[in-house]
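J.: When you get a sec, could you give me coordinates for this:
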Amino acid sequence: MSSKENAKRHVLEKNKSSPREKERPSHGFLSKHLKKVYPVSLRKSCSPLSLSSLSLTLSQNSNDSSITDSSAVPLDQEILLALRRIVPPERRDVPMVAKNVQQSCQDHPSCEGLKRCNWITKNSDKTYVQFHDDCWGVPVYDDNQLFELLAMSGMLMDYNWTEILKRKELFREAFAGFDPNTVAKMGEKEIMEIASNKAIMLVESRVRCIVDNAKCIVQASIVKEFGSFSTYTWACVDYKPVINRYRYPRNVPLRTPKAEAISRDLVKRGFRFVGPVIVYSFMQAAGMTIDHLIDCFRFSECVSIAERPWRHV
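T.: Sure, this is the predicted structure:
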């Protein structure tokens, strides 16, 4: 037998005499990618897939039997369920409000007797109460919704919030859902039709102002410089809502230095009816600043939404 065959036989006998160690799976790959469970690009993406991925991840990692399979409900409900998973346990009896989920707190049994901001009284119209409970102070990132709130804030020179909110659907119908691209193309005929509509009750100068402001968004420097009205708006506050902690109504200002700065910049870009008081009302309604009083039940909820790391789109 040759020396080469002897060596081969020696190796085989050695392998039989000593048990082979079981291969241990490498955890390097798993540990390396554990940090990528949650999406990290939500700030730059507003796709439904990104938000759906987040809500599905939260639901699948939950041991709470009260959360149902998110694949069986619409995307808006998936987001709502995800929000409820992050809310502290002591607040889960209060419904969270996600984008496009407009459930009035007035109609929810758990909201009976909750304390609201002092300017909401027992005589307040239910439309105004619903606006306070569902919308006011909740960060808005959609261009159309932001343009709508800016336009309605400008109407405060002639009407109060209750009067404006009661005609909100009429405004949306007249101004094509406040799509800046569509409104910017409105001609003389459309402007006069809206101004002559007695149900809407908007003077011609106010209608022209809304159309001109839409042109400033799509035809001027806003879209060219920032890409969208939403990006411009949130860049003004460094992409973070200003969280105030006011205890009394008298502490809530009508205007702030930040609102004055934004007003000056809007005027510089050609916008009209955007004085500091109007701009600050817009900031409050759009959730750029959270001015719910600290003992209002919506304060902690709006702060919770504002502080989430995936709040930006």
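J.: Can you list the low-confidence ranges for this protein?
T.: Where the chain drops to pLDDT under 70, the residues are 1-112, 220, 309-313.
J.: just the strands in it please.
T.: When assigned using DSSP state E, the strands of the chain occupy the ranges 242-243, 289-290.
J.: what residues does the last one touch?
T.: Judged by Cβ atoms under 8 Å, 6 or more residues apart in numbering, the contacts made with strand 289-290 from elsewhere in the structure are 137, 237, 241-244, 256, 258, 280, 283, 299, 302-303, 306. Just so you know, the C-beta spots here come from the backbone N, C-alpha and C atoms, and that holds for glycine as well.
J.: about what we covered before: burial-wise, tell me which of the strands of the chain comes out on top.
T.: strand 289-290 (a mean of 23; mean count of other Cβ atoms under 10 Å).
J.: Could I get the contacting residues of the closest residue to A285 other than its chain neighbours?
T.: The shortest distance from A285 to any non-neighbouring residue, by Cβ to Cβ, 6 or more residues apart in numbering, is to L149 (4.8 Å). For L149, the contact set (Cβ under 8 Å, 6+ apart) comprises 140, 282, 285-286.
J.: hmm, 6 Å instead?
T.: 282, 285-286 (Cβ atoms under 6 Å, 6 or more residues apart in numbering).
J.: Looking at those residues, which is nearest D212?
T.: F282 (16.6 Å; Cβ to Cβ).
J.: Just give the closest residue to the closest one, not the sequence neighbours.
T.: S153 (4.0 Å).
J.: ok, now S281?
T.: S153 (4.4 Å).
J.: so the closest residue to M283 other than its chain neighbours bridges to which residues?
T.: Leaving aside its sequence neighbours, M283 sits nearest to T289 (Cβ to Cβ, 6+ apart; 4.7 Å). Here T289 sits in beta bridges with V242, as judged by DSSP bridges.
J.: what about T289, distance to V279?
T.: According to Cβ to Cβ, to the nearest Å, T289 stands 10 Å off from V279.
J.: count of neighbours near I217?
T.: The number of residues packed near I217 is 25, by other Cβ atoms under 10 Å.
J.: Report the separation between the residue nearest to it when sequence neighbours are not counted and I210.
T.: Nearest non-adjacent residue to I217, counting by Cβ to Cβ, 6+ apart: P180, 4.4 Å away. Per Cβ to Cβ, P180 is found 10 Å from I210.
J.: nearest spatial neighbour of L254, skipping sequence neighbours?
T.: V277 (5.3 Å).
J.: how much space between that neighbour and Q130?
T.: 24 Å.
J.: and if you look at C117?
T.: Separation of C117 from Q130 (Cβ to Cβ) stands at 14 Å.
J.: Which of these two has more residues huddled nearby?
T.: C117 (21 against 18).
J.: what sits against that one?
T.: Counting by Cβ under 6 Å, 6+ apart, C117 has contacts 292-293, 296.
J.: With N244 instead?
T.: D291.
J.: mind checking how far it is from L293?
T.: Taking Cβ to Cβ, one finds N244 at 9 Å from L293.
J.: Is the residue nearest to F282 in contact with I278, as I believe?
T.: Yes. Taking contacts as Cβ atoms under 6 Å, S153 lies within contact range of I278: 5.1 Å.
J.: quick one: which of those two has more around it?
T.: When neighbours are counted by other Cβ under 10 Å, S153 and I278 differ, and S153 comes out ahead with 23 against 20.
J.: Ramachandran coordinates for the residue nearest to F299 when sequence neighbours are not counted?
T.: Nearest non-adjacent residue to F299, counting by Cβ to Cβ, 6+ apart: H292, 4.1 Å away. The phi and psi values for H292, taken as degrees, to the nearest 10, are phi -60, psi 140.
J.: you'd agree H292 is up against G137?
T.: Yes. Look at H292 against G137 with Cβ under 6 Å: they come within range, at 5.2 Å.
J.: shared neighbours, the two?
T.: Between them, H292 and G137 share the contacting residues C302, judged by Cβ under 6 Å, 6+ apart.
J.: wait, what's in contact with A199?
T.: L170.
J.: Return the distance of D265 relative to Y232.
T.: Taking Cβ to Cβ, one finds D265 at 9 Å from Y232.
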